[in-house]
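Trainee: pasting the sequence and the predicted coordinates here, then a few questions.
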Amino acid sequence: MKWRVTLIEINELKYDENGLIPAIVTDVESGEVLMLAYMNAHSLRISIDERRTCFWSRSRNDLWRKGETSGNIQEIVSIKTDCDKDTLLITVKKSGPACHTGSESCFFESLYDCDFNKNESFSLGTLHDIIKDRKINRVPGSYTTYLFEKGIDKILKKIGEESTEVVIAAKDANRKETIYELADLVYHAMVLMTEMEITPDDIIKELALRHLDKEEKTD
């Protein structure tokens with residue numbers, strides 16, 4: 001792996017009055033935001049050299065290597081900065097929960113949730129459009145982007161995994177869990193469709209043909 005960040009680029013970042021810059025950490029596998037911490041030029045250099053996240057603890061006023069005591073280290077996949085160069089986006093491969101509470105992510109307290117069940121404008125067609133956009137415009141840290149970058153084998157593997165989860169949930173007669181797992185399966189099936197340039201209309205046409213064939217055989 002080649003690291004393109006240089007010492008000069010590090011110095012060009014815009015730090016606050018305390019010499020700190022916020023660092024948003026995301027999971028390379030799921031695309032989930034894991035935590036927000038702060039770095040200074042020193043901890044950023046350490047992170048790059050060691051390829052593991054090292055932050056600056058504002059409470060302890062000292063360096064803080066993630067996982068130093070818990071063992072939940074974060075292996076760095078990429079480090080990016082925004083257009084203003086005042087925020088970092090760090091994608092990692094984690095070995096354990098990011099939060100000290102034991103939660104996978106520090107962001108688990110809900111302040112507001114949009115209920116898509118009440119949003120009549122959301123449909124499978126909308127989902128397909130979103131996934132198609134992710135294939136064209138690769139968003140760093142996005143799980144959908146991750147699937148497209150990994151390719152067909154990874155997508156097929158996920159479909160196999162999600163199919164098994166559906167079977168297990170249904171076998172247990174767990175309606176809520178079955179809905180959840182079916183949603184996962186449909187999403188990954190849509191990713192496969194987009195990868196193979198298959199549209200929801202193609203599926204509907206195929207189902208319609210089957211229905212017509214059945215009607216003709218009945219007659």
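Mentor: Ah, there it is.

Trainee: which residues sit in contact with the residue nearest the centre of the chain?
Mentor: Computing the C-alpha centroid of the chain and ranking residues by C-alpha atoms, centre = their mean puts residue 31 first, at 1.4 Å. Applying C-beta atoms under 8 Å, 6 or more residues apart in numbering, one finds that residue 31 lies in contact with 141, 142, 143, 144, 145, 146. Every residue, glycine included, has its C-beta placed from N, CA and C.

Trainee: ok, residue 64 next?
Mentor: By C-beta under 8 Å, 6+ apart, the contact set of residue 64 is 37, 43, 54, 55, 56, 57.

Trainee: which regions of the chain sit below the pLDDT cut-off?
Mentor: The model of the chain has pLDDT under 70 over residues 1-8, 110, 112-122, 212-219.

Trainee: now with 80?
Mentor: Per-residue confidence for the chain (pLDDT under 80) gives these ranges: 1-9, 30, 101-103, 108-123, 125, 211-219.

Trainee: show me where this structure has helices.
Mentor: Taking DSSP state H as the criterion, the chain carries its helices at 7-12, 41-50, 124-136, 143-150, 152-171, 175-195, 200-218.

Trainee: save those helices as CSV, and put in mean neighbour count and distance to residue 86 too.
Mentor: Formatted as CSV, the helices of the chain follow (neighbours: other C-beta atoms under 10 Å; distance: least, C-beta to C-beta, whole Å):
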stretch, mean neighbour count, distance to residue 86
helix 7-12, 11, 11
helix 41-50, 17, 13
helix 124-136, 14, 26
helix 143-150, 18, 24
helix 152-171, 14, 34
helix 175-195, 16, 33
helix 200-218, 10, 41
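
Trainee: nearest to residue 104, out of the ones you listed?
Mentor: Among the helices of the chain, the nearest to residue 104 by C-beta to C-beta is helix 143-150 (13.6 Å).

Trainee: how does this structure divide into domains?
Mentor: Under the assignment automatic domain parsing, the domains of the chain span 7-94, 116-218.

Trainee: which among the ones you listed is found nearest to residue 109?
Mentor: For residue 109, the closest of the domains of the chain is domain 7-94, at 13.1 Å, according to C-beta to C-beta.

Trainee: for that closest one, what is the distance to the chain centroid?
Mentor: 18 Å (C-alpha atoms, centre = their mean, to the nearest Å).

Trainee: same question, stretch 159-168
Mentor: Here stretch 159-168 shows a centroid-to-chain-centroid distance of 20 Å under the convention C-alpha atoms, centre = their mean.

Trainee: check stretch 141-161 too.
Mentor: On C-alpha atoms, centre = their mean, the centre of stretch 141-161 falls 11 Å from that of its chain.

Trainee: thanks a lot, see you next time.
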